[in-house]
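# only geometry, no sequence info:
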């Protein structure tokens, strides 16, 4: 056994919810072309499905296994440029589920790599979750208790559990912890890099943005609008940008603004927020907010966040310039 494999085994054994089997850590560090999400009803399949969607996978729920190969071809996986595929297959499909083993063999025969994520939890934990949700177990027969249905489902899924590349016991996991586990295995990006941050400028006179999680009002800063030479320009023009950013009042503001971002951004990451929208507003959305939205986006990018920037009301200013 190589030193690298030994290190991987030691790391995996330190995580009891990740299955180690046959002297090799599974799954591998490279994301498979196809992920099959399966396991016990109530163990977190829906949360797992949403997590893979956030990771950029093409996700389909309750797909008949016989269609997995066709969907993989349609998604362009064999071209090398298509999105990876994640499918949820479980006993809701009844007879269809029995085809899953053959479907996986077909994937391998067509040189698709795949992984099987099996989500599990204790019988009592699953019973309690269905009781709290006030929903019947999807496989429960007439007159059958939830525990009876859980135990029957566990027996039917045993063979697939043995074949799984990753088994996660969610008995003591919160949804946030499950998301974090899946991200750590199937993405090389950190939770910070996975959060999509959108910074945008806007003008208050055109209305407050409803989509912003965080809004900063910069109307207290010196306004280039009152300079006739800058009135028709925007925060994209260097003269305006320099006027706004280099002003001592703005520099004092930016020092505090950056400290605030350094405080709140890690909290959003820890909470598992997948998208964050930051609005920077001034009177018309033309000068100060544009320059400071760009500066904010640049700062957050330097801190390692995945950031996009836009200017909601800049087109209105461009019409004025024309």
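Nice, I can see it. On a predicted model such as this, the values are computed, not experimentally measured, just so you know.
# quick check: closest non-adjacent residue to residue 36.
With C-beta to C-beta, 6 or more residues apart in numbering as the criterion, residue 36 has its nearest non-adjacent residue at 4.8 Å, and that residue is residue 116. For glycine as for every other residue, the C-beta is placed from the backbone atoms N, C-alpha and C.
# how about the contacts made by the one you found?
35-36, 38, 104, 160, 163-166 (C-beta atoms under 8 Å, 6 or more residues apart in numbering).
# same question, residue 278
When contacts are counted by C-beta under 8 Å, 6+ apart, residue 278 touches 197-200, 212-216, 296.
# returning to what we had before: how distant is the helix or strand where the residue nearest to residue 36 lies from the center of its chain?
Here residue 116 sits within strand 114-120, counting by DSSP states H and E. The chain centroid and the centroid of strand 114-120 are separated by 18 Å under C-alpha atoms, centre = their mean, to the nearest Å.
# buried sites along the helix or strand just after that strand?
Note on strand 114-120: by DSSP H and E, the next helix or strand toward the C-terminus is helix 123-133. By neighbour count with 16 or more other C-beta atoms under 10 Å, helix 123-133 contains the buried residues 125-127, 129-130.
# same list, those residues, but as JSON lines with pLDDT and distance to residue 108 please.
Output for the buried residues of helix 123-133, formatted as JSON lines (pLDDT from 0 to 100; distance: C-beta to C-beta, whole Å):
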{"residue": "125", "pLDDT": "92", "distance to residue 108": "34"}
{"residue": "126", "pLDDT": "92", "distance to residue 108": "31"}
{"residue": "127", "pLDDT": "91", "distance to residue 108": "37"}
{"residue": "129", "pLDDT": "90", "distance to residue 108": "34"}
{"residue": "130", "pLDDT": "89", "distance to residue 108": "35"}
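# got a markdown table for these, with distance to residue 173 too?
A markdown table is the format used below for those (distance: C-beta to C-beta, whole Å):
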| residue | distance to residue 173 |
| --- | --- |
| 125 | 10 |
| 126 | 13 |
| 127 | 17 |
| 129 | 12 |
| 130 | 17 |
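# widest-spaced pair of the residues you listed?
Longest distance between any two of the buried residues of helix 123-133 is 10.0 Å, between 125 and 130; criterion C-beta to C-beta.
# closest to residue 301 out of the buried residues of helix 123-133?
Of those, the one sitting nearest to residue 301 (C-beta to C-beta) turns out to be residue 129, at 40.4 Å.
# could you list the low-pLDDT ranges of the stretch 201-322 of the chain?
318-322 (pLDDT under 70).
# so what's residue 48 closest to, chain neighbours aside?
residue 37 (5.1 Å).
# check which helices and strands the helix or strand containing the one you found sits against.
Residue 37 is part of strand 34-39 when elements are defined by DSSP H and E. Packing partners of strand 34-39 (3 or more C-beta pairs under 8 Å, 6 or more residues apart in numbering; DSSP states H and E): helix 45-54, helix 68-74, strand 85-88, helix 100-109, strand 114-120, helix 146-163.
# I'd guessed residue 221 sits against residue 252; true?
No: with contact defined as C-beta atoms under 8 Å, residue 221 and residue 252 do not form a contacting pair (10.1 Å).
# among the two, which residue is more densely surrounded?
Set residue 221 next to residue 252 and count neighbours by other C-beta atoms under 10 Å: residue 221 wins out with 20 against 10.
# quick one: residue 280 is in a strand?
Yes: the assignment for residue 280 is a strand, going by DSSP: H, G, I helix; E, B strand; the rest coil.
# measure it to residue 203 for me?
The gap separating residue 280 from residue 203 is 11 Å, by C-beta to C-beta, to the nearest Å.
# shared neighbours of these two, which are they?
In contact with both residue 280 and residue 203: residue 289, using C-beta under 8 Å, 6+ apart.
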